[in-house]
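[1] Provide a 3D model corresponding to the input given below.
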Amino acid sequence: MLFIGHLIAWILEAILVRYMGIVLVVLALVVAFLAPPVASLGTLTMEDRWVTAVTLASAGVLLHRKRTERVWKFVACGALVLGAVLGHASLLLWFATLAAVGIAVPFLLARAGIRAKDAGGSEGHDGESPSDIVESVATAFVLALVVREFAFEAFKIPTGSMEPTIYGEGYGRRKGDRLLASKSPLLFSDPKRWEIIVFKYPLFRPTNFIKRLVGLPGERLEIRDGDIYVNGKVVSKPEAVQDSLWFALLPDQSGGWPAGGMGQSFHPDAAGQWGFDTDGATATVAAGKTSWIVHDAGIADVRASFDVDPAQLGLGAVLIRIDGSGRRVELEARRDEMWITGPGVERTRLAIDGLGSSPSRLAFAVADRVARVWRDGRLVARIETGDTANVPGRGEQTSIGVTGATVKLGKIQLEHDLQYSRQGSGTWDIPEGRYFMLGDNTGASRDSRLWTAKVFRTKEGAEYVADDSVRLDDVNSVVNVRDVGDAYEFHDSFGVRRRVMKDDLVDGVYKVENQPFVRREDLVGRAFLIFFPFPPWGEWRPRILP
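    The predicted structure is shown next:
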């Protein structure tokens, strides 16, 4: 066992310290003179290119010539992080991470009583033969390629199709979130519904897209009044995904209220007296009476929340009612009990305590035919209701009520669930080996619903698919299909430049067809981590994606 420990220590130190210094210097030359203009490489502009190249070279020299001095390893790691920020190069963050591991591994092994064989000879720098250098460079490049090809890859998000889950270009001081996607078969062998996936755009595969996987092979998927139905049954989102897909309604995304605050947003009935401040309301309702304030949300799947002090309730109650398309789901919360009523759910007492005696925050939501209750941010009840469709214009309202008490409701907040409705409904039969993708920013996402291609079929049986526009670099899109008289010129879906004579086409013209599905082999990986931006280059965005 001790021999194995020594061997592991030697391998880790060799890869993470000795070889890394050499590969960083070589990579600096590649970035400076050979690399194409790619944002993730830090080569999109000349300024970024030289910042990235100098950072790589400096860190490489420090790691190679001072590899036995821990302080210089820290300096190299810090230089890589700084260069990643200044040069906009997510690539540098990978090497910064590896350098940090190279610092930690020998220390942890030493604490465990295992001392590695000297991966670099005596203390300080020792000479290396040309064959050693070649071996080091080759090994390091192979490892880097293997990691990028089979384990993880970094991506910059150029568009807002996944907001507010992932922000794209033009948000904040930096342009687009940076995220990591897992490509390892161990972590991405079986894509699941609701996962965020990086994939090759099926109409132009050199471009990567990022969307949420909604439809799986062999399913009949339907978007009906904003909800997702699979084989005729509505499907709900996992809790972690649902928590990330509540959109601010009141206050809005910027935290602001309409002029007039609560009094402008809610209208009370005549059964009690209500007073409003900016984001709260106080009700005085006689015993045996119930009074409501109503917000005409115009949407059926809503989450309402507010602060309440149960001591003010006495024997009274607070209620939240969510109406839509003829169905009503209602929560009644008292100090010692809670009740829920909805389609297919008779008035039922929840198997949880009531509000108790201490001030708390109560939240109630309906989404995808599931009613949920939170108390102080913790999900305490989840009940599936009957499947009643969301029909727009059928009295969608969110109401907050008080029964027999004088109570203040503070920091009232309304949110709505993601509704796939702004670009219409439809039904798709998904073939085996294919997937259906949708963006979270449903009104501004070019996703599976909108993928329409020009298909060129020749009389000899060849078929080429082309999009109207393609992005040939990281920034600019260009018109793709060009009519040049007796022929069409375009880049096909694999990025190959084509010239097809009109006389060679079936019927002499291309066909316009929907191409809504993504092949399994075009799935790149599952996005799992946003690692940038963070202050002072934008708001704090790093987080694990659900």
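
[2] Please make it C-alpha for all contacts and neighbour counts, starting now.
    Noted.

[3] Low-confidence ranges, the stretch 151-300 of the chain, go.
    Low-confidence segments of the stretch 151-300 of the chain (pLDDT under 70): 170-175, 185-187.

[4] which residues does Ala154 bridge with?
    On the basis of DSSP bridges, Ala154 is bridged to Leu180.

[5] Across the sheet, point out what pairs with Trp339.
    Beta-bridge partners, per DSSP bridges, of Trp339: Glu332, Arg349.

[6] so who does it touch?
    331-333, 347-350 (CA atoms under 8 Å, 6 or more residues apart in numbering).

[7] Kindly report the same for Asp417.
    Contacts of Asp417 (CA under 8 Å, 6+ apart): 242, 245-247, 301-303, 367.

[8] 7 Å - rerun?
    Each residue near Asp417 by CA atoms under 7 Å, 6 or more residues apart in numbering is listed here: 245-247, 301-302, 367.

[9] Val509 too?
    With contacts defined as CA under 7 Å, 6+ apart, the neighbours of Val509 are Lys502.

[10] if I look at it, how far off is Ile22?
    55 Å (CA to CA, to the nearest Å).

[11] Show the average pLDDT along stretch 430-439.
    Averaging pLDDT along stretch 430-439 yields 96.

[12] now stretch 355-368
    Per-residue pLDDT values over stretch 355-368 give a mean of 93.

[13] and if you look at stretch 93-110?
    On average, stretch 93-110 scores 67.

[14] just to revisit the earlier point, okay if I get the contacts of Trp339 as CSV plus distance to Trp194, pLDDT and neighbour count?
    What follows is the contacts of Trp339, written out as CSV (distance: CA to CA, whole Å; pLDDT from 0 to 100; neighbours: other CA atoms under 10 Å):
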residue, distance to Trp194, pLDDT, neighbour count
Leu331, 28, 97, 27
Glu332, 32, 96, 20
Ala333, 32, 96, 23
Arg347, 32, 92, 14
Thr348, 31, 91, 12
Arg349, 31, 93, 14
Leu350, 29, 92, 18
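
[15] returning to that earlier point: and the contacts of Asp417, which is closest to Ile228?
    Ala367 (11.2 Å; CA to CA).

[16] Backbone dihedrals for the closest one, both of them.
    Here is the backbone geometry of Ala367 (degrees, to the nearest 10): phi -150, psi 130.

[17] That one: what's its closest spatial neighbour, skipping adjacent residues?
    Nearest non-adjacent residue to Ala367, counting by CA to CA, 6 or more residues apart in numbering: Asp301, 4.9 Å away.

[18] ditto for Lys200
    Asn208 (4.6 Å).

[19] Name the residues that touch stretch 288-304?
    265-269, 271-272, 285, 323-324, 363-367, 390, 396-404, 413-417.

[20] Revised request: answer the last question for stretch 232-240.
    227-229, 368, 546.

[21] how about a cut-off of 6 Å?
    228-229, 368, 546 (CA atoms under 6 Å, 6 or more residues apart in numbering).

[22] related to what we said a few turns ago, so which of the contacts of Asp417 is the closest to Arg499?
    Nearest to Arg499 out of the contacts of Asp417 is Leu245 (CA to CA; 44.5 Å).

[23] now the contacts of stretch 232-240 in CSV, with neighbour count and distance to Arg519?
    Listed next are the contacts of stretch 232-240 as CSV, based on neighbours: other CA atoms under 10 Å; distance: CA to CA, whole Å:
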residue, neighbour count, distance to Arg519
Ile228, 21, 21
Tyr229, 20, 21
Asp368, 25, 28
Pro546, 17, 23
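
[24] and the two most separated of those?
    Tyr229 and Pro546 (21.1 Å).

[25] Buried residues of stretch 305-322, list them for me.
    305-310, 312-313, 316-322 (16 or more other CA atoms under 10 Å).

[26] Next: stretch 236-245.
    For stretch 236-245, by 16+ other CA under 10 Å, it's 236, 241-242, 245.

[27] quick check: longest strand of the protein.
    strand 406-417 (DSSP state E).

[28] and for the one helix or strand Ala283 maps to, what are the contacting residues?
    Assigned by DSSP states H and E, Ala283 belongs to strand 281-284. Residues outside strand 281-284 that contact it (CA under 6 Å, 6+ apart): 272-275, 405-409.

[29] Now with 7 Å, please.
    So strand 281-284 is in contact with 272-276, 402, 405-410, going by CA under 7 Å, 6+ apart.

[30] most neighbours, which of the residues you listed?
    Within the contacts of strand 281-284, Val402 tops the neighbour count with 28 neighbours, counted by other CA atoms under 10 Å.

[31] That residue reaches Val318, doesn't it?
    Yes: in this structure, Val402 is within contact of Val318 by CA atoms under 7 Å, at 4.6 Å.

[32] contacting residues around the residue nearest to Pro533 when sequence neighbours are not counted?
    In this structure, Pro533 finds its nearest non-sequential neighbour in Arg541, 5.6 Å apart by CA to CA, 6+ apart. Residues in contact with Arg541 (CA under 7 Å, 6+ apart) are 530, 532-534.

[33] I'd say Ser493 and Asp468 touch.
    No: applying CA under 7 Å as the test, Ser493 and Asp468 come out as separate, 10.9 Å apart.

[34] out of these two, which sits in the busier spot?
    Counted by other CA under 10 Å, Ser493 and Asp468 do not tie: Ser493 has more neighbours, with 21 against 15.

[35] Against Ser477, how distant is Arg449?
    For Arg449, the distance to Ser477 equals 21 Å [CA to CA].

[36] before we move on, the earlier item: any idea of the mean pLDDT in the longest strand of the chain?
    The model assigns strand 406-417 a mean pLDDT of 94.

[37] Packing partners of the helix or strand following it?
    Counting by DSSP H and E, the next helix or strand C-terminal to strand 406-417 is strand 426-429. Contacts defined by 3 or more CA pairs under 7 Å, 6 or more residues apart in numbering; DSSP states H and E place strand 426-429 against strand 220-224.

[38] returning to that earlier point: from the contacts of Trp339, which is closest to Phe456?
    Closest to Phe456, out of all of the contacts of Trp339 and judged by CA to CA, is Leu331, at 57.1 Å.

[39] From Val308, how far out is that closest one?
    15 Å.

[40] my guess is Leu56 is in a helix, correct?
    Yes: checked against DSSP: H, G, I helix; E, B strand; the rest coil, Leu56 lies within a helix.

[41] shouldn't it be in contact with Ile22?
    No: using CA under 7 Å, Leu56 makes no contact with Ile22, being 10.1 Å away.

[42] Give the residue from these two that has the larger number of neighbours.
    Neighbour count, other CA under 10 Å: between Leu56 and Ile22, Leu56 has more, with 27 against 24.

[43] mind showing which ranges of the stretch 401-546 of the chain have poor pLDDT?
    The model of the stretch 401-546 of the chain has pLDDT under 70 over residues 422-424, 473-475.

[44] number of nearby residues for Ser477?
    Around Ser477 there are 11 residues (other CA under 10 Å).

[45] Revised request: answer the last question for Leu418.
    Here the count is done by other CA under 10 Å, and Leu418 has 20 residues near it.
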